[in-house]
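[1] Sequence isn't available, so here's the structure alone:
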């Protein structure tokens, strides 16, 4: 009886050991398969991230590797194919996709990247000074190797009123019509001084603008200018390296003296002429800004959305095309001591030396004083959060802890930083806290703006 029982127990133990061995082998195969699947899945995600890193480094990489020309990488004997394709509803959104035919099954991972328009900042100066002929230069802050570059000399041309022969109908007496014609100054009997510019400003894509007004009298002879020349817009095309000339609109009223101003850092043309403010579009259309409700305009600035101005009564006002003028909060006369301590003021608003607004709407002001200048930044507040609008007073140019510059010639609000000019000699230009190389002795900033960089930029979007 003992022998059959022993044989039975041995059979049971053998069966159990067989089952356990089978389970162990199955578990091992399952674990190995899961590991291989996980490895291949995460490898596809790694290839996606690698592709995105290459696009962020060189935007043209996305253009050369579409669905028909994927990047192929061999990893542990498997071929991973990665490419990108635009979204069907938004071409600025690209889907980066990686697929692999794994040992057990196929895998695919994807991630989105979004194309953005990259802009750079540009500064123009006139190193010729107030007395000399213009010596214009430009500096691209976001160029790969920024340096001061010369602007081409002004072409010696001007629009002049000329009588043009119109033959008309045969056998009728000839007719003369008066038309503006672009002529060389060298061809004129009494040449005008081409250096007489009423204003400098910034145009679309960072091009420099200069408004030429014919002088009412010749600086050489002192007599009235005998030829009727038209006010002319000179636009420096940086890509072509030359000047393009167009007539100013008929409703532009010459000031007769140098000192007109152009507002805007994003190509917005708001020109102060002899009759107030004139909105000018890129298509040549113009619109006269109605008089402000608080008196004459003392200083102004503009972007594509609004015109901001301080008026002769000290108030601040905002003009929105199509919506008219509205009053807005003015800053208090807050001042700083020579040690940098803020002293809150009250009473009448300060007489601002300058207003400046960035393309993205950051409004700032400069108050030049006998002591430390004050720079103000405007915060519009929030109705939803019940936060009222306010002006924040700050030091003119802080260089670090307990170190600042007391006096500024001008400021320009730009996205993410402020362009400041420090009086000289020699004058210095700062982008944020960083000084720029000198463009020359006593070279004032005459225009600052933005332009589109040639490369597309991307940032990574949703993951997998």
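    Nice, thanks for sending it over. As the structure is a prediction and not an experimental result, all values here were calculated from the model. Numbers count the residues shown, from 1 in each chain.

[2] roughly how far is stretch 363-381 from the heart of the chain?
    22 Å (CA atoms, centre = their mean, to the nearest Å).

[3] If you average the pLDDT over it, what comes out?
    Per-region confidence: stretch 363-381 scores 93 on mean pLDDT.

[4] likewise stretch 237-250?
    Mean predicted confidence for stretch 237-250 is 86.

[5] who touches that stretch?
    138, 152, 154-155, 157, 159, 180, 182, 206-207, 211, 230-236, 278, 280, 284-286, 451 (CB atoms under 8 Å, 6 or more residues apart in numbering). (Each C-beta comes from the backbone N, C-alpha and C, glycine too.)

[6] First-to-last residue distance for it?
    End-to-end distance for stretch 237-250, by CA to CA, to the nearest Å: 24 Å.

[7] for residue 92, phi and psi?
    Backbone geometry at residue 92, expressed as degrees, to the nearest 10, gives phi -80, psi -10.

[8] quick one: strands adjacent to the helix or strand harbouring residue 404?
    Under the criterion of DSSP states H and E, residue 404 resides in strand 403-405. Applying DSSP bridges to the sheet, strand 403-405 is found paired with strand 397-400 (antiparallel).

[9] Out of the contacts of stretch 237-250, name the ones that lie in strands.
    138, 157, 159, 180, 182, 211, 232-236, 278, 280, 286, 451 (DSSP state E).

[10] For these, pick the one with the most neighbours.
    residue 233 (25 neighbours; other CB atoms under 10 Å).

[11] Helix or strand: which one has the closest residue to that one other than its chain neighbours?
    Of all residues not flanking residue 233 in the chain, residue 246 sits nearest, at 5.0 Å (CB to CB, 6 or more residues apart in numbering). According to DSSP H and E, residue 246 maps onto strand 242-247.

[12] same deal with residue 96?
    Assigned by DSSP H and E, residue 96 falls in strand 93-101.

[13] Would you mind pulling the contact partners of that strand?
    40, 43-45, 47-48, 51-52, 55, 62, 78-87, 106-115, 458, 461.

[14] partner strands of that strand, parallel or antiparallel?
    strand 78-86 (antiparallel), strand 106-116 (antiparallel).

[15] worst average pLDDT in those?
    strand 106-116 (a mean of 81).

[16] C-terminal to that strand, what's the next element?
    strand 119-126.

[17] Show the average pLDDT along that following strand.
    88.

[18] do stretch 60-67 as well
    85.

[19] Next, the buried residues of it.
    By neighbour count on 16 or more other CB atoms under 10 Å, the buried set for stretch 60-67 is 61-62, 65.

[20] Next, the angle strand 232-237 makes with the strand holding residue 246.
    For strand 242-247 against strand 232-237, the angle by axes from the mean of the first three to the mean of the last three CA atoms, to 10 degrees is 150 degrees.

[21] partner strands of the very next helix or strand once past strand 242-247, parallel or antiparallel?
    Remark: after strand 242-247, the chain's next helix or strand is strand 262-263, criterion DSSP H and E. Using DSSP bridges, the neighbouring strands of strand 262-263 in the sheet come out as strand 269-273 (antiparallel).

[22] Just give me how far the partner strand sits from the chain centre.
    Distance, centroid of strand 269-273 to centroid of chain: 20 Å (CA atoms, centre = their mean).

[23] ok so, going back, quick one: buried ones out of the contacts of strand 93-101?
    40, 43-45, 47-48, 51-52, 55, 62, 78, 80-84, 107, 109-113, 115, 458.

[24] Could you list the domains of this structure?
    Per automatic domain parsing, the domain ranges recorded for the chain read 16-116, 119-454.

[25] Low-confidence bits of the stretch 251-400 of the chain, can you list those?
    Where the stretch 251-400 of the chain drops to pLDDT under 70, the residues are 256-260, 282-284.

[26] List the neighbouring strands of the strand or helix carrying residue 429 plus their orientation.
    Assigned by DSSP H and E, residue 429 falls within strand 428-431. Within its sheet, strand 428-431 is paired with strand 417-422 (antiparallel), strand 434-435 (antiparallel), according to DSSP bridges.
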